[in-house]
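Asker: Have a look; sequence and predicted model below, questions after that.
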Amino acid sequence: MERDIIGRIRFGGGVKLSFLDEFEWIKRLTKDKQSIAVQQACGVQTGIGDDAAVAYMSSGHQLVMTCDTMTEEIHFKSITMRDKDIGYKAMAAAVSDIAAMGAMPRYALVSISFPRHADPLRIEAIYEGLYECANRWSVMIVGGDTTSSVNGMTISVTVIGEVQAGKALLRSAAKHGDIVFVTGELGCSAAGLDFLLRQELPSGQWGHSGKPEIERLIQAHGRPDPQIEAGLLLQSSGVCHALNDVSDGLASEAWEIAEASGVGIDLIEDRIPIAEELMAYAQEVEKDPLDFILYGGEDYQLIGTMQAEHAVDMQMKFRAAGLQLYIIGYVNMESVGVRLVQSSGYVVPIEKKGYNHF
Ligand SMILES: Nc1ncnc2c1ncn2[C@@H]1O[C@H](COP(=O)(O)OP(=O)(O)O)[C@@H](O)[C@H]1O
Ligand SMILES: Cc1ncc(C[n+]2csc(CCOP(=O)(O)OP(=O)(O)O)c2C)c(N)n1
Ligand SMILES: [Mg+2]
Ligand SMILES: [Mg+2]
Ligand SMILES: [Mg+2]
């Protein structure tokens, strides 16, 4: 029996509407999306189709494992994200945690739950995005799980990566005298979301601003770039100490490093990069751009610390690789916490807050 994408069964001269079952769904979403030859070249012995996947890891390496979930209404709404971007971002967010360890992502498992009568075109589009991101980084999707839900969609992506044994970059490794860096501009994703949520569009419609600056903010929200190359460069340099990715906002991630490492962190207001489009948008909605940067989240840039004497050399290496590295502060001898050295010269504490689910 062959069904088309919206579950129509063609027979005789007629068409009957019927929904795909669990196994038909798995096949439709994953079959031939990554060829056997490519999977084998990437170390997969047995991928989708058995009780579990079997794959090779490089010798002398450690496993690096993470899992991230995206839930409808919490991480996305039909007015904030296109279906394809939901899949792309679910993979990107999970892969970003591997980048934040200075590791190489290799394999992924994808669990998805959706209502029985969900629009099949939506689910297909989500998978298109998932595979687009996975293929971009040669991550092989080797399994997952598919279930129904009462309402709303949930996508959970587990990523398994590898790093040379003993070389993972931990949150707890910041040292006094280090500088603090970020790998890109922050706050744009939160500003894009802010714009989309203000549109009050009917459900299912997706916001277009017509303005290229706003489109860049929306793009930052829907299509974050996991900083894998930056993470690997930092790891191989041997001079990077702590590393973390920015999912909950700069303040929250800096606090995580400070607490895990038992250090103080000072961020210098004038050194924090602010994208022009963020500055313009913040002005338009009469908000401080720093609020988006510190407390917005979902940037998926990296924040870390490294030995001060190697910072300029690393900046040159980053530039040569087409990447960015902004030095935005330093690790101090004060008590555990995060402070802001304001443009005025005043030093004020930065609250330990950011996106928190509960
Ligand atoms: N339900 C859970 N069971 C076990 N470990 C969890 C659970 N939720 C989160 N963790 C772990 O707690 C830590 C912090 O999670 P989280 O804040 O989500 O990290 P990140 O922001 O990097 O994704 C991670 O090590 C994560 O693997
Ligand atoms: C509709 C909607 N409302 C609010 C947000 C903002 N938001 C949701 S989750 C989140 C933080 C990142 O997600 P999380 O599950 O905490 O990822 P993790 O920290 O585990 O990587 C943010 C900023 C959003 N993306 N979409
Ligand atoms: Mg997480
Ligand atoms: Mg993280
Ligand atoms: Mg979080």
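Answerer: Noted; the coordinates are in hand. Numbers count the residues shown, from 1 in each chain. Ligands and ions are numbered 1, 2, ... in the order given.

Asker: distance of the residue of the stretch 201-350 of the chain found nearest ligand 1 from Asp97?
Answerer: Nearest residue of the stretch 201-350 of the chain to ligand 1: Ser247, at 4.5 Å (C-beta to the nearest ligand atom). For glycine as for every other residue, the C-beta is placed from the backbone atoms N, C-alpha and C. When distance is defined by C-beta to C-beta, to the nearest Å, Ser247 is 8 Å away from Asp97.

Asker: Of these two, which one has the most company?
Answerer: Neighbours per residue (other C-beta atoms under 10 Å) separate Ser247 from Asp97, with Asp97 holding more: 24 against 21.

Asker: can you pull the contacts of the more buried one?
Answerer: 66, 68, 159, 245 (C-beta atoms under 8 Å, 6 or more residues apart in numbering).

Asker: So what sits opposite the third one in the bridge?
Answerer: So that's Val159. Beta bridges link Val159 to Thr66, Ala108, judged by DSSP bridges.

Asker: Can we start the residue count at 36 from this point?
Answerer: That works, and once the first residue is 36, the last one we named lands at Val194.

Asker: returning to what we had before: could you single out the nearest of the contacts of Asp132 to ligand 2?
Answerer: Asp103 (5.1 Å).

Asker: that's a strand at the closest one, yeah?
Answerer: Yes - judged by DSSP: H, G, I helix; E, B strand; the rest coil, Asp103 forms part of a strand.

Asker: wouldn't it be in contact with Ser191 here?
Answerer: Yes - with contacts counted by C-beta atoms under 8 Å, Asp103 reaches Ser191, the gap being 7.2 Å.

Asker: what touches both of the two?
Answerer: Ala125.

Asker: For the protein, which residues are neighbours of ligand 1?
Answerer: Neighbours of ligand 1 within the chain, by C-beta under 6 Å from any ligand atom: 103, 132, 282.

Asker: quick one: contacts for the most centrally placed residue in the chain?
Answerer: When C-alpha atoms, centre = their mean is applied to the chain, the residue found nearest the centroid is Ala128 (2.2 Å). Contacts here follow C-beta under 8 Å, 6+ apart; on that basis Ala128 touches 103, 105, 192, 259, 261, 282, 333, 335.

Asker: mind listing which of those residues are in strands?
Answerer: Mapping the contacts of Ala128 onto strands (DSSP state E) picks out 103, 105, 192.

Asker: Who wins on neighbours among the residues you listed?
Answerer: Val192 (29 neighbours).

Asker: pretty sure it contacts Met100?
Answerer: No - Val192 lies out of contact with Met100 (C-beta under 8 Å); the separation is 11.8 Å.

Asker: Could you report the neighbour count for Leu313?
Answerer: 27.

Asker: From ligand 4, how far off is it?
Answerer: Per C-beta to the ion, to the nearest Å, Leu313 is found 22 Å from ligand 4.

Asker: So which elements touch the strand or helix carrying that residue?
Answerer: Assigned by DSSP states H and E, Leu313 belongs to helix 311-319. Applying 3 or more C-beta pairs under 8 Å, 6 or more residues apart in numbering; DSSP states H and E, one finds that helix 311-319 contacts helix 223-233, helix 247-257, helix 324-330.

Asker: Could you export these as JSON lines, including distance to ligand 2 and mean pLDDT?
Answerer: JSON lines is the format used below for the helices and strands packed on helix 311-319 (distance: least, C-beta to the nearest ligand atom, whole Å; pLDDT from 0 to 100):
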{"stretch": "helix 223-233", "distance to ligand 2": "5", "mean pLDDT": "96"}
{"stretch": "helix 247-257", "distance to ligand 2": "7", "mean pLDDT": "96"}
{"stretch": "helix 324-330", "distance to ligand 2": "9", "mean pLDDT": "98"}
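
Asker: Which residue does this protein have closest to ligand 5?
Answerer: At 4.3 Å from ligand 5, Asp283 is the closest residue in the chain, using C-beta to the ion.

Asker: That residue: what's its closest spatial neighbour, skipping adjacent residues?
Answerer: Spatial nearest neighbour of Asp283, excluding adjacent residues (C-beta to C-beta, 6 or more residues apart in numbering): Gly389 at 3.8 Å.

Asker: contacting residues for that neighbour?
Answerer: Residues near Gly389 by C-beta under 8 Å, 6+ apart: 283-288, 329-330, 332.

Asker: Tell me which entries of the residues you listed lie within helices.
Answerer: Among the contacts of Gly389, the ones falling in helices (DSSP state H) are 285-288, 329-330.

Asker: CA atoms only: put the helix or strand Ala128 falls within into CSV for me.
Answerer: When elements are assigned from DSSP H and E, Ala128 belongs to helix 118-134. This file holds the C-alpha atoms of helix 118-134, laid out as CSV (Å, rounded to 0.1, in the frame of the first residue of the first chain):
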residue,chain,number,x,y,z
ASP,A,118,8.6,24.3,10.4
LYS,A,119,11.9,23.8,8.6
ASP,A,120,13.7,26.1,11.0
ILE,A,121,12.2,24.3,14.0
GLY,A,122,14.1,21.1,12.8
TYR,A,123,17.2,23.0,12.0
LYS,A,124,17.3,24.8,15.3
ALA,A,125,16.6,21.6,17.3
MET,A,126,19.7,20.0,15.8
ALA,A,127,21.7,23.2,16.0
ALA,A,128,20.9,23.7,19.7
ALA,A,129,22.0,20.2,20.6
VAL,A,130,25.1,20.3,18.4
SER,A,131,26.0,23.6,20.0
ASP,A,132,26.5,21.9,23.4
ILE,A,133,29.1,19.6,21.7
ALA,A,134,30.8,22.7,20.3
